[in-house]
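Colleague: Got a sequence here, can you build the structure:
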Amino acid sequence: MIDQRYFQAAGAVAIVYLALVVVARQLRRVRAVRFTWAYHFFALSAGLVAGFHFLPESLAWRPVVLQHLTAATVVLAAFPLVTLLNRAFWIRFDASGKRLEAPRVLIDLTGVGVALLSVVGAMQFVYGMQVPGLVAGSGVAALVLGLGMQDQLKNMFAGIALHFEKPFKTGDWLLIDGVHARVIEISWRSTRLITTDEVQIEMDNGALLNQTIYNFELPSADHAVRATIGLHYDVPPAQAIEVLRAAAASVPGVVVERPPVVYLKDFADSAIVYEIKLWIREHSQMSRILSDVRSHCWYAVRRAGMEIPYPQRVVHHAVAPDTGAAARQAAAVTLRAHKIFGCLSAEQCEALVQASPVVKFANHEHLLEQGAPGSSMFVLVRGAVDVRIARDGQVKSVAKLGAGDCIGEMSLLTGDPRSATVVAEGEVEAVEVGMAMFGAFVRSNPAVVEQLGELLAQRQLANAHLAAQGVATSPEQVRSGVLRKLRSFFALGD
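Modeller: Below is the predicted model of the structure:
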């Protein structure tokens, strides 16, 4: 007949094993603690230790096997203990459920420390070995091992210092030894980074601490970058600073809340050098933003009639040929087809555009700003623009215009503020007809005013909104009012 103690031993093994498995599942559900496969070996070993206490003491092999099982249980207990310690101290979850981990060096040190303690505990308390004597006897070996691993130990302690001092974290953009790179991992020995060229580099933590580290994410993600440009000595600095500031502010990616600042940096041999200081938030976009800033500045200074000089040592300055003949010819054709300017003869349109400059705009630059005072119109000859209107705090795109269209004509003729914002989509080339130029033209051709007045009056009479508001009681009053406004605006007298 089988001794009942064997059944009791088997029951104890099953109960302890199942109880530990249930506890692990509860911890996983409640605290998101995930144990590894080693946990099942620990639970089985603990169950066997409990079961062996129910076996008959007369069994000769029972003490030896129980001693080994107890030692194995102590060592295997290190695995779930490390998992619990890491979850308690080094692993967190944010509000969205994203897993946040401390640097790998702390997780690894916790595992190594608990494993050593479990092995030492098994040797000391299960097998009765004198661990202090064993450690003293291996002092020479430990010294040799320490000397051979001094670099690894230095990197390990440097990793601990990086964790507590926190000069940077995973995801931060750094400048180290002239290289821009983003941190992707911090381990116990090294820090892994990836450069703006998508090249991975790895630096020992000990060497990293000896470098000067520039962190573009601290104290906040907003940080300044700089670009320089040289302009001719004939350009007034106040005018240059204003043009460059506006050009830099129009670049996507520049922090709107912190407008760019322009400094006169140096009087160089061939140019006055200006430094543009601007703030960005995404350091990964630094190269693209600085490229766009330089591009916008080039277009802006060319439109303003400013020169970016070549290095030169000559006194004579040759006059550059007029390269806008084709653009002006296309603009004259556009004016002849316009609803308002179609009253002008071909010769008058040619004369008007020949006296007007050809200007260019970069992608995303604003040709017009809604609500701003207007003193010119643009005849588009190349490229496309987006017309946007702001109402009730929202900006809406209302039209797409391109070559053969005119923008800003009402401001040119009446001086009214701009009614919309017009943004370049790609490079745009246009002929700009200014108020001073157009005023001189109409003063030399007074009959044009009568024709323009008639066309503007017809445009107002056809406007249902103005008619509903009762702007004029008769067409004659509208015509006389428009004509009077035109004569006053261009100082022609009655």
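
Colleague: if I look at residue 370, how far off is residue 362?
Modeller: 20 Å (Cβ to Cβ, to the nearest Å). The way it works is simple: take the backbone N, C-alpha and C, and place the C-beta from them, glycine included.

Colleague: Please identify which of these two sits among more neighbours.
Modeller: residue 362 (20 against 17; other Cβ atoms under 10 Å).

Colleague: which residues does that one contact?
Modeller: 292, 295, 296, 298, 299, 424, 427 (Cβ atoms under 8 Å, 6 or more residues apart in numbering).

Colleague: was I right about the last one contacting residue 365?
Modeller: No - Residue 427 is not in contact with residue 365 according to Cβ atoms under 8 Å; the separation is 9.4 Å.

Colleague: Which residue of those two possesses the greater neighbour count?
Modeller: With neighbours defined as other Cβ under 10 Å, residue 427 and residue 365 compare such that residue 365 has more, 23 against 15.

Colleague: what's the nearest residue to that one if we skip its chain neighbours?
Modeller: Spatial nearest neighbour of residue 365, excluding adjacent residues (Cβ to Cβ, 6 or more residues apart in numbering): residue 424 at 4.9 Å.

Colleague: Kindly report the same for residue 177.
Modeller: Of all residues not flanking residue 177 in the chain, residue 211 sits nearest, at 5.9 Å (Cβ to Cβ, 6+ apart).

Colleague: Then residue 62?
Modeller: residue 55 (5.6 Å).

Colleague: now residue 36
Modeller: residue 79 (6.3 Å).

Colleague: In this structure the one you found contacts residue 45, no?
Modeller: No - in this structure, residue 79 is not within contact of residue 45 by Cβ under 8 Å, at 11.0 Å.

Colleague: what do the two both touch?
Modeller: Common contacts of residue 79 and residue 45, defined by Cβ under 8 Å, 6+ apart, are absent altogether.

Colleague: Tell me, how many residues neighbour residue 233?
Modeller: Count around residue 233 with other Cβ under 10 Å applied: 13.

Colleague: ok, now residue 456?
Modeller: Neighbour count for residue 456, taken as other Cβ under 10 Å: 22.

Colleague: begin at 54 from here
Modeller: Sure, I'll start numbering at 54, so the last one becomes residue 509.

Colleague: Please verify my assumption that it contacts residue 392.
Modeller: No - taking contacts as Cβ under 8 Å, residue 509 lies outside contact range of residue 392: 10.3 Å.

Colleague: So for residue 105, what pLDDT did the model give?
Modeller: With respect to pLDDT, residue 105 scores 83.

Colleague: Wait, it touches residue 118, no?
Modeller: Yes - using Cβ under 8 Å, residue 105 is in contact with residue 118, at 6.8 Å.

Colleague: Would you point out which residue is most central in the protein?
Modeller: residue 335 (2.3 Å; Cα atoms, centre = their mean).

Colleague: out of everything not next to it in sequence, what's closest to residue 288?
Modeller: residue 359 (4.8 Å).

Colleague: how far away is the one you found from residue 317?
Modeller: 14 Å.

Colleague: Cool, thanks, signing off.
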